[in-house]
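Novice: model this:
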Amino acid sequence: MTKFSLLLLFTLPAFTIVHAQQPDKTLWYKQPAQYFEETLVLGNGTQGATVFGGIKSDKIFLNDATLWSGEPVKADMNPEAYKNIPAIRQALKNEDYKEANTLNQKLQGKFSESYAPLGTLFIDFGHGANVQNYYRDLNLSNAVSSVTYEADGVTYSREYFVSQPDQIMVIRLKSSRKGALTFAVKFNSLLKNAVTTGNNTLKAKGYAPVRAEPNYRGNMPDAVQFDPAKGTRFTTLAKIKSSDGQVVTTDSTVGLTGGTEAFVFVAIATSFNGFDKDPATNGLPDEQIATSRLTQAMAKSYAQLKQAHTTDYQRFFNRVSLNLGASTAPNLPTDERLKRYAEGAEDKQLEMLYFNFGRYLLVSCSRTPGVPANLQGIWNPYIRPPWSSNYTTNINAEENYWPAEITNLSEMHRPLLTFIGNLAKTGAVTAKTFYGVGGWSVAHNSDIWAMTNPVGDFGKGDPMWANWNMGGAWLSTHLWEHYVFTQDKDYLRQEAYPLMKGAAQFCLEWLVEDKNGKLITSPSTSPENQFLTPDGYKGSTLYGATADLAMIRECFIQTIQAAKTLNADPDFRSKLEQALAKLYPYQVGKAGNLQEWYYDWADVDPKHRHQSHLFGLYPGNHIRPDLTPELAQACRKTLEVKGDETTGWSKGWRINLWARLWDGNHAYKMYRELLHYVLPDGVKTDYARGGGTYPNLFDAHPPFQIDGNFGGTAAVAEMLVQSSETDIRLLPALPDVWASGSVSGLRARGGYEVAMNWAGNRLTTVTISSKAGGHTKLISGGKTKDVSLKPGEKLTVKW
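Specialist: Got it, this is the predicted structure:
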């Protein structure tokens, strides 16, 4: 495989540019982006930039992870909701599912708030339409985007990056002819804002809505509400630095005339000061923070800023290297590569690019304590974005973090883990007021304010999606996963275990006995799905849904193990062990499938996108082909019934499930389908059917949801390495087409790091290392090897 492919775009003798590309680490295009789903995105884990790369005018959407509608949530919004539970349970005992569904609507509260667009930066140029040799790219190896083109005999180039060390966006603009660079910078926003200029600086100050209704509620009065005294404030500053030319300003723009090289610095800050603090009255000084960032960045050279940015980014991105073998695919623009791939062509470089892009996205959007990546990461141009661009905790928020530990980005997991601590505080109020029990719980949706109540606007929502309440149980598994990958016992003792215990406490008190003395949940739903009873009733509220019990199983198993690890809470551990033994067991239906419902009922939609009842297989760990073969086979049958065509995020989940079934060829088939080319929203063609991948490699639900990107990246890793606290499986789901290759830097449970080579579809060598040391068993190709490592030791084994 050739590591570098050279693409010659400019052949003018006076100014020749050669673009050195790594095909598995470069997104590139021959034209500017016209739609959001064609843009290239940058981010430092808090601030995000969506770059169109325009010619006459470049457009850059700006975002900040902490800029949301709303203010701290009043968690006790429905203080006597729990008093309805006895009536719901009685209706369910009477098998009156319709009545139970109606009563379940009384267990609802407000909708979540929405992630807000900060604004749009425009850089206007005076170019005509006569442009040649246009090129636009995003280099994943250094997190820098670039644009070059020729206009009227002059070659123009731009570079963009968003620095985490300096908390600044930097844009470098150059012309090949001295004095040919002229442009003007302006800003607008869908939020309330005012733009001023002074001291050669453009300043935009504004505030987010105090309320932004979910987009799926349709056109309703006062869907977006602003209050000058409320809401999160923001400041955006843009300033030009140039060695020649003249900086010029108007009342709303700052620009340059007659320059050759210039730098635009963009500083952003908000007043968000924590989930429980009013951002208007007790917020951070956003203008002061933005001004300080701008001043400090402008005192440094471009080379210093770029080097600091690159060094910081590469210490995460460079930890993993993937090679899936030789490829004969031509190095086409990324949109053309996707189209070619959709026709069945081989392109291992594209398959590696998608994996690398997922890791790039996680580094770029998840570095803000207590503020995890949302449905769109941090990139959103809409004031009422799809599904509020919130935290959807019945799959999507968690799927965002599936690659975090296994692909060696544990630090990027921290925003979610610290957010869980926020949720536990509001969730304790939700557990008490909505359910009448202790511990803490999270329902279907959340937001930056750590909202935990069931949504539905106090009775207007369908329980099918509004009333699910197992978010705490699911999220708690991330706490344990972080421990088993890092072996950080201080973290387990001080942070993770108290939160895990609270989630388990909720589940323990929420469980009730069924007619046979088994423990079930009541009421219960299975995320966004409906059952069909033998008498033809279509419903969603029942008791003992398999998904609930699967998540509770995983929560109990992990909390018990955590308590044992810490030698803590023997009495509580005993309660969990007793409850675990009494849980209503998994049921295999007459079709051989894993039942989703307490009874062997049909689904209203047999191919439904959610497969929550398969949680124990993935992302859970208590169903395995070797340890629970009957249940694993039932999971396989369920997936066969559902089929492979589904939404983008659901495809990402199903690839992982097939990998956990050790069926690499089926996992690969679905991985290819995840990369099915989907044209941007607003363009109607045959390509726009079902989930897949947009031209900029964003996941298409459709619309854009970033979870599918992360699900796909995690799935590649799961095809290559799977692990438990006691063993590591190498190449457990290797597809035939990846016959030879190598990977380094993947992580395994127990605190191990793995590097390996394979050829002829068989492992050849593996190197395993561990900072903490320990004992594990390596398994591959029917062979096993016990390995004991001292702290810091590395061992290479020829297989």
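
Novice: and stretch 245-263, what's buried?
Specialist: 245, 247, 249, 252-256, 259-263 (16 or more other CB atoms under 10 Å). (C-beta placed from N, C-alpha, C; glycine too.)

Novice: repeat that for stretch 30-47.
Specialist: Buried, per 16+ other CB under 10 Å, within stretch 30-47: 32-33, 36-47.

Novice: in strands, which of these appear?
Specialist: Among those, the residues falling in strands (DSSP state E) are L40, V41, L42, G43, Q47.

Novice: how about those in a markdown table, adding pLDDT and distance to V588?
Specialist: Formatted as a markdown table, these follow (pLDDT from 0 to 100; distance: CB to CB, whole Å):
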| residue | pLDDT | distance to V588 |
| --- | --- | --- |
| L40 | 98 | 47 |
| V41 | 98 | 44 |
| L42 | 98 | 48 |
| G43 | 98 | 45 |
| Q47 | 98 | 50 |
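
Novice: so A75 touches T452, yeah?
Specialist: Yes. Counting by CB atoms under 8 Å, T452 is a contact partner of A75 at 6.7 Å.

Novice: those two - which one has more neighbours?
Specialist: T452 (29 against 24; other CB atoms under 10 Å).

Novice: for the more buried one, helix, strand, or coil?
Specialist: coil (DSSP: H, G, I helix; E, B strand; the rest coil).

Novice: check contacts around it.
Specialist: Counting by CB atoms under 8 Å, 6 or more residues apart in numbering, T452 touches 75, 423, 426-427, 429-430, 440-443, 446, 471-472.

Novice: and those residues, which of them are in helices?
Specialist: L423, T426, G427, V429, T430, G471, G472 (DSSP state H).

Novice: need the buried residues of stretch 245-263 in CSV (columns: secondary structure, pLDDT and distance to Q705).
Specialist: Shown next, in CSV, are the buried residues of stretch 245-263 (DSSP: H, G, I helix; E, B strand; the rest coil; pLDDT from 0 to 100; distance: CB to CB, whole Å):
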residue, secondary structure, pLDDT, distance to Q705
G245, coil, 97, 43
V247, strand, 96, 41
T249, strand, 96, 40
S252, coil, 97, 35
T253, coil, 98, 35
V254, strand, 98, 36
G255, strand, 97, 37
L256, strand, 97, 39
G259, strand, 97, 41
T260, coil, 98, 42
E261, strand, 98, 39
A262, strand, 98, 37
F263, strand, 98, 34
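
Novice: just checking the distance from stretch 517-528 to the centre of its chain.
Specialist: 28 Å (CA atoms, centre = their mean, to the nearest Å).

Novice: so which bits of it are buried?
Specialist: Using 16+ other CB under 10 Å as the test for burial, stretch 517-528 gives K518, L519, I520, T521, S522, P523, S524, T525, S526, P527, E528.

Novice: so for that stretch, first residue to last residue, what's the gap.
Specialist: End-to-end distance for stretch 517-528, by CA to CA, to the nearest Å: 28 Å.

Novice: next: stretch 102-119.
Specialist: 42 Å.

Novice: can you list the buried residues in that stretch?
Specialist: Buried residues in stretch 102-119 (16+ other CB under 10 Å): 103-119.

Novice: tell me which of the residues you listed fall in strands.
Specialist: Those of those lying in strands (DSSP E): G119.

Novice: give me the common contacts of A75 and T452.
Specialist: T426, V429, T430.

Novice: can you redo the residues you listed as JSON lines with pLDDT and neighbour count?
Specialist: As requested, those are exported to JSON lines (pLDDT from 0 to 100; neighbours: other CB atoms under 10 Å):
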{"residue": "T426", "pLDDT": "98", "neighbour count": "25"}
{"residue": "V429", "pLDDT": "98", "neighbour count": "19"}
{"residue": "T430", "pLDDT": "98", "neighbour count": "29"}
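
Novice: before we move on, the earlier item: which one of the buried residues of stretch 517-528 sits closest to W402?
Specialist: Of all those, W402 sits closest to P527, with 16.8 Å by CB to CB.

Novice: quick one, grab the pLDDT at that closest one.
Specialist: You'll see P527 listed with a pLDDT of 96.

Novice: repeat for G128
Specialist: Looking at G128, the pLDDT reads 74.

Novice: wait, what's in contact with it?
Specialist: Contacts of G128 (CB under 8 Å, 6+ apart): A151, D152.

Novice: P498 versus that one, what's the distance?
Specialist: As judged by CB to CB, to the nearest Å, G128 and P498 stand 64 Å apart.

Novice: with P606 instead?
Specialist: On the measure of CB to CB, P606 and P498 end up 41 Å apart.

Novice: do the same with S364
Specialist: 31 Å.

Novice: how about K575, what does it touch?
Specialist: L508.

Novice: state the three-state secondary structure for it.
Specialist: helix.

Novice: and stretch 636-646, how far out from the chain middle?
Specialist: Worked out by CA atoms, centre = their mean, stretch 636-646 lies 24 Å from the chain centre.

Novice: W468 - how many residues pack around it?
Specialist: With other CB under 10 Å as criterion, W468 counts 27.

Novice: again with L181
Specialist: Residues lying near L181 (other CB under 10 Å) number 23.

Novice: residues in contact with it?
Specialist: Y156, L173, K174, S175, G245, L256, G258, G259, T260, E261, A262.

Novice: how about low-confidence regions in this structure?
Specialist: 1-20, 129, 684-689 (pLDDT under 70).

Novice: what residues are up against the residue most central in space within it?
Specialist: The chain has N400 as the residue nearest its centroid, 2.7 Å off, counting by CA atoms, centre = their mean. Contacts here follow CB under 8 Å, 6+ apart; on that basis N400 touches L362, S366, P372, A373, G377, L416, I706, D707, F710.

Novice: how about residues contacting the helix or strand where D490 lies?
Specialist: Secondary structure from DSSP states H and E places D490 in helix 489-491. Defining contact as CB under 8 Å, 6+ apart, one finds that helix 489-491 is touched by H482, Y483, T565, L566.

Novice: now do the helix or strand where the first one lies: which elements does it pack against?
Specialist: In this case it means H482. Using DSSP H and E, H482 falls within helix 471-486. Applying 3 or more CB pairs under 8 Å, 6 or more residues apart in numbering; DSSP states H and E, one finds that helix 471-486 contacts helix 396-399, helix 402-406, helix 410-435, helix 489-491, helix 497-510, helix 546-566.

Novice: quick one: closest of the ones you listed to L746.
Specialist: Per CB to CB, nearest to L746 of those: helix 402-406, 6.1 Å.

Novice: need the contact partners of the closest one.
Specialist: The contact list for helix 402-406 (CB under 8 Å, 6+ apart) reads 358-359, 362, 366, 409-410, 412-413, 416, 481-482, 485-486, 619, 656, 710-711, 713-714, 717-718, 721, 746-748.

Novice: do a quick rundown of the helices in the stretch 1-150 of the chain.
Specialist: 85-93, 97-104 (DSSP state H, counting those that start in this stretch).

Novice: okay, these in a markdown table with distance to P214 next?
Specialist: As requested, those are exported to a markdown table (distance: least, CB to CB, whole Å):
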| stretch | distance to P214 |
| --- | --- |
| helix 85-93 | 25 |
| helix 97-104 | 20 |
